[in-house]
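[1] Got a predicted structure here, sequence first:
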Amino acid sequence: MERQPKHMGGRLHHGQGASEARELRHALGHADLSAIAEARRLLREQLRRWGVPGLVDIAELLTSELVTNALQHTDEGAVLTATLSDGPVHRLRVEVHDHTARRPRLHPVGENATSGRGLLLVQALADSWGVRSQGTGKVVWFELDVEAA
């Protein structure tokens, strides 16, 4: 039985079996913008270990957008979770859970604006995405189909 690594708060955990979804979890400190590069690196390495390197570029870009939003627009840290599902449809799901109930909004961005395009990128490049309330905060997520990569 293959065991898949998981990362959470600096510790490595292992899944229990091949039928279980593979997961990476990583805690992000409040306003720690260096954590964005670390989140990209961890995701890139994990996707390669999972055997889906074709997802790396888009997954890294979209993860950067979600993590940046969480760290810039909330008052606490966040948790990044990436899950590669097993089963008839293989999908990568990336979630960023923060502790602020305020939901992100898509809004028009002027052509000279230097920011504000993150969710537009997520909307354009992800196979699906959304926001859901969770506890005192929210989870912003996207999914990519493995077969499309």
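    The structure has been received and is ready for your questions. Numbering: from 1, shown residues only.
[2] Just give me the residue right at the centre of the protein.
    residue 94 (3.3 Å; Cα atoms, centre = their mean).
[3] quick one: it and residue 80 touch, right?
    Yes. Using Cβ atoms under 8 Å, residue 94 is in contact with residue 80, at 7.2 Å. For the C-beta atoms, the positions are set from N, CA and C on the backbone; glycine is no exception.
[4] where do the contact lists of these two overlap?
    When contacts are counted by Cβ atoms under 8 Å, 6 or more residues apart in numbering, residue 94 and residue 80 have 43, 63, 66 as shared neighbours.
[5] Now intersect the residues you listed with the helices, please.
    43, 63, 66 (DSSP state H).
[6] I only care about those residues that end up buried; give me the ChimeraX line for that.
    Remark: buried members of these, expressed as a ChimeraX selection using 16 or more other Cβ atoms under 10 Å:
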select :43,63,66
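[7] Kindly indicate which of the ones in helices among the shared contacts of residue 94 and residue 80 lies nearest residue 22.
    Nearest to residue 22, judged by Cβ to Cβ, of those is residue 43 at 12.3 Å.
[8] Contact partners for that closest one?
    Contacts of residue 43 by Cβ under 8 Å, 6+ apart are 24, 56, 59, 60, 63, 80, 82, 94.
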